[in-house]
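> please work out how this folds:
(one chain, ligands or ions: 1)
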Amino acid sequence: MRTKKRNFIVVTGGVLSGVGKGIITASIGNLISNLGFKVSMIKVDPYINIDAGTMRPTEHGEVWVTEDGGETDQDLGNYERFIDTNVLKGNNITTGQVYRTVIEKERNLEYGGKTVEVIPHIPDEIRRRIMDAGERDDADFVLIEIGGTVGDYQSALFLEAMRHFKMNMKENVVFVHVVFLPVPSNLGEMKTKPAQHSVRELNQAGIVPDIIVGRSRFDLDEPRKKKLSLFGNVEIKDIISAPDVPSIYEVPIILEEQGIIENLFERLGIKYKKNGKYDDWKKFINRIKNIKNTIKIGIIGKYFDTGDFSLEDSYISVIESVKHAGWNNNVNPEIIWIDSKKFEKDPSKLKELDKVDGIIIPGGFGSSGVEGKINAIEYARKKNIPYLGLCYGMQLAVVEYARNVCGMPGANSTEISKDTKYPVIDIMENQKDNLKNKKYGATMRLGRYDAVLKKGSTVYGLYGKENVSERHRHRYEVNPKFISQIEEKGLVFSGKSPDGTLMEFIELPGHKYFVGTQGHPEFKSRPLRPSPLFDGLIKAAKR
Ligand code: GLN
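I've put the predicted structure just below:
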């Protein structure tokens, strides 16, 4: 189904950040794309960073990697999981990108000698980027999530751009404002006041919301809706209640049942027919609600020193991938967080790993906690505990094998030890200059790369084909000089780059499940299409 015009749905947030505006936006995208329309999802981030690649996960949450090699905000991950379409890097717009372009254009005399000013030139560039993304994605609907909270000084120019949007294309633009309604424990009752004020704040930016989504612990009752309607200047039917739910994947259904699509489409003048994809999603939700059995998956990581963001945010795609694979196998995964540092201080603690059914070591950087991870990998290998190593988790499995099986004491990655006698993981040749010249931003091996799997291997069986691709984000690789020595001792490099030079997958025959990949399969796992490697881990853990 196609629309005659391109439609824009702008989602803003009020009262607090972190209330699930990204999930609401992704859920609207899910409903519209399940009707068969083409959807382009855009996240606007008010920070100066050009992208999220240079940010610490504990500061800003996971860095999401797009198919075309963008290092973006984690919300793009939610979008991809909810609409099951590749969202490209141009769909994450930051203040830094916008200013950089405007300044470059000014230097190139592209403003024809005019004074270049914050208004209108910055909002103009924001709109240009949004129009470009809509065009590139050939979209019927462009969903734009404005990061931050209305009233933030740094979001103001983005709101200004959205006001211009509405001015220029009135009947093509609608606004959804997501507010938080607290239930203070001393009162035990839901309060609408902060939400009222946030609507006022939005009005001051010249924007009138069409729909208000109320996020809270509970459903919004009639008295709250009446109040919010009166002070928020919308009709009661335009207030949608979005209470806390056990699974984020239920949110599209909650919004749909309250008529959000009819409401949005009526405003935009779009007709539509329901189709079966929405029912598939509903069936999926009903199925996962009825899963009884659980399985314990240990994730060994290091981002435990929580900053503004929680542990869950640092590893969100890994967690979601475990859930997708678990549900596919009719089990609810329980995730056990394990700080690798404790295995360094006290190796007897490794016994704790006997309690889990499977272990994951996800991606990481630097030396902190690395020896503990290596000890844990040795334990998993010897005790036949299913193990999945993602990027760093694969590299460290190679280090462990070199040290403990191949007779290479002190083997290491040169990321950790520059002068190890056995640099089994080494910097990629084309990365050396980047590090020397401090070119850190967007210079890793990033995005989609193809690999060829070895016929008859475990990974070949899981993917069910020879040619596969996963997304990447790293600077180091298995050192080709040591491959034959390691292979002789039994570790199998079961997937390589098409030219055979880069080792992309490893596995250990005879083990219940001991698999690693240089890629990040967690970026391609979707609720209804789990990643084969996570699926393999869960299947082995269930046995
Ligand atoms: N630090 C390692 C590298 O740069 C692994 C990166 C990762 O796990 N994403 O190669």
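> could you see whether the ligand lies near stretch 422-434?
No - judged by C-beta under 6 Å from any ligand atom, stretch 422-434 stays clear of the ligand, getting no closer than 7.4 Å. In short, each C-beta sits where N, CA and C put it, glycine included.
> buried stuff in that stretch?
422-427, 431, 434 (16 or more other C-beta atoms under 10 Å).
> just the closest of the residues you listed to residue 342, please.
Nearest to residue 342 among these: residue 425, at 23.8 Å, using C-beta to C-beta.
> isn't residue 5 right up against residue 170?
No - Residue 5 is beyond contact range of residue 170, at 11.8 Å (criterion: C-beta atoms under 8 Å).
> who's more crowded, those two?
residue 5 (12 against 8; other C-beta atoms under 10 Å).
> I'd like the distance between residue 18 and the ligand.
The gap separating residue 18 from the ligand is 25 Å, by C-beta to the nearest ligand atom, to the nearest Å.
> tell me which element that residue is part of?
Using DSSP states H and E, residue 18 falls within no helix or strand.
> for it, what are phi and psi?
Main-chain torsions, residue 18, degrees, to the nearest 10: phi 80, psi 20.
> what is the burial count for it?
Neighbour tally, residue 18, other C-beta under 10 Å: 14.
> any idea how far it lies from residue 256?
Using C-beta to C-beta, to the nearest Å, residue 18 is found at 24 Å from residue 256.
> from the buried residues of stretch 422-434, which land in helices?
residue 434 (DSSP state H).
> quick one: average pLDDT of stretch 48-59?
What stretch 48-59 shows for mean pLDDT is 89.
> buried sites along it?
Buried residues in stretch 48-59 (16+ other C-beta under 10 Å): 49-53, 55, 57-58.
> and the contacts of that stretch?
45, 60, 63-64, 70-74, 89, 92, 94-97, 99-100, 303, 305-309, 313-315, 440-442, 444 (C-beta atoms under 8 Å, 6 or more residues apart in numbering).
> quick one: buried ones out of these?
45, 60, 63-64, 70-74, 89, 92, 94-97, 99, 303, 309, 313-315, 444.
> the stretch 51-200 of the chain: helices as residue ranges?
57-60, 75-83, 95-107, 118-136, 156-168, 193-204 (DSSP state H, counting those that start in this stretch).
> quick one: closest of those helices to the ligand.
The closest of these to the ligand is helix 57-60. By C-beta to the nearest ligand atom, the value is 10.9 Å.
> ok, and does that closest one reach over to the ligand?
No - judged by C-beta under 6 Å from any ligand atom, helix 57-60 and the ligand are separated, with a smallest distance of 10.9 Å.
> if we can go back for a sec, now the buried residues of stretch 48-59 in a markdown table, with distance to residue 365?
Compiled in a markdown table, the buried residues of stretch 48-59 are given as follows (distance: C-beta to C-beta, whole Å):
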| residue | distance to residue 365 |
| --- | --- |
| 49 | 17 |
| 50 | 19 |
| 51 | 16 |
| 52 | 14 |
| 53 | 11 |
| 55 | 12 |
| 57 | 10 |
| 58 | 12 |
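> name the nearest of these relative to residue 330.
Among the buried residues of stretch 48-59, and counting by C-beta to C-beta, the member closest to residue 330 is residue 57, at 31.0 Å.
> what residues does this protein have near the ligand?
363-365, 391-392, 395, 415, 473-476.
> take these and keep only those in helices.
Using DSSP H, these in helices are 392, 395.
> what packs against the helix or strand hosting residue 213?
Using DSSP H and E, residue 213 sits within strand 211-216. Counting contacts by 3 or more C-beta pairs under 8 Å, 6 or more residues apart in numbering; DSSP states H and E, strand 211-216 packs against strand 173-180, helix 193-204, helix 222-232, strand 239-243, helix 260-268.
> highest mean neighbour count out of those?
Of the helices and strands packed on strand 211-216, the one with the most neighbours on average (mean count of other C-beta atoms under 10 Å) is strand 173-180, at a mean of 25.
> what ranges do the helices span in the stretch 251-400 of the chain?
251-257, 260-268, 276-289, 311-314, 316-328, 342-345, 370-382, 392-404.
> state the distance from the residue of the chain most remote from its centre to residue 56.
No residue in the chain has its C-alpha farther from the mean C-alpha position than residue 113, which lies at 41.9 Å (C-alpha atoms, centre = their mean). The gap separating residue 113 from residue 56 is 42 Å, by C-beta to C-beta.
> what's the closest of the helices of the stretch 251-400 of the chain to residue 207?
Using C-beta to C-beta, those put helix 260-268 closest to residue 207, at 14.5 Å.
> now could you export just the CA positions of that closest one as PDB?
Taking Å, rounded to 0.1, in the frame of the first residue of the first chain, the C-alpha atoms of helix 260-268 are listed here in PDB:
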ATOM      1  CA  ILE A 260      -3.900   5.600  17.600                       C
ATOM      2  CA  ILE A 261      -3.700   4.600  13.900                       C
ATOM      3  CA  GLU A 262      -7.300   5.600  13.000                       C
ATOM      4  CA  ASN A 263      -6.600   8.900  14.900                       C
ATOM      5  CA  LEU A 264      -3.300   9.700  13.100                       C
ATOM      6  CA  PHE A 265      -4.600   8.600   9.700                       C
ATOM      7  CA  GLU A 266      -7.800  10.600   9.900                       C
ATOM      8  CA  ARG A 267      -5.700  13.700  10.600                       C
ATOM      9  CA  LEU A 268      -3.500  12.900   7.700                       C
END
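> any residues touching that helix, and which ones?
Here helix 260-268 makes contact (C-beta under 8 Å, 6+ apart) with 7, 9, 28, 31-32, 35, 171-172, 174, 176, 210-211, 237-238, 240, 255, 271-272.
> rerun at 10 Å
When contacts are defined by C-beta atoms under 10 Å, 6 or more residues apart in numbering, helix 260-268 is touched by residues 3, 5, 7-9, 24, 27-28, 31-32, 34-35, 37, 140-141, 171-176, 210-211, 213, 235, 237-238, 240, 242, 252, 254-256, 259, 270-272, 274, 278.
> out of those residues, which end up buried?
Among the contacts of helix 260-268, those scoring as buried are 3, 7-9, 24, 27-28, 31-32, 34-35, 37, 140-141, 172-176, 210-211, 213, 238, 240, 242, 252, 254-256, 270, 278 (criterion: 16+ other C-beta under 10 Å).
> ok, residue 173 touching residue 9?
Yes - here residue 173 reaches residue 9: they are 7.9 Å apart, a contact under C-beta atoms under 10 Å.
> got any residues that touch both of the two?
142, 144, 210, 267-268.
> kindly reformat the residues you listed as a markdown table containing pLDDT.
Converted to a markdown table, the shared contacts of residue 173 and residue 9 look like this (pLDDT from 0 to 100):
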| residue | pLDDT |
| --- | --- |
| 142 | 98 |
| 144 | 98 |
| 210 | 97 |
| 267 | 96 |
| 268 | 96 |
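> pLDDT and distance to residue 126 added to the buried residues of stretch 422-434, as JSON lines?
Shown next, in JSON lines, are those (pLDDT from 0 to 100; distance: C-beta to C-beta, whole Å):
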{"residue": "422", "pLDDT": "98", "distance to residue 126": "51"}
{"residue": "423", "pLDDT": "98", "distance to residue 126": "46"}
{"residue": "424", "pLDDT": "98", "distance to residue 126": "47"}
{"residue": "425", "pLDDT": "98", "distance to residue 126": "42"}
{"residue": "426", "pLDDT": "97", "distance to residue 126": "42"}
{"residue": "427", "pLDDT": "95", "distance to residue 126": "38"}
{"residue": "431", "pLDDT": "90", "distance to residue 126": "33"}
{"residue": "434", "pLDDT": "92", "distance to residue 126": "30"}
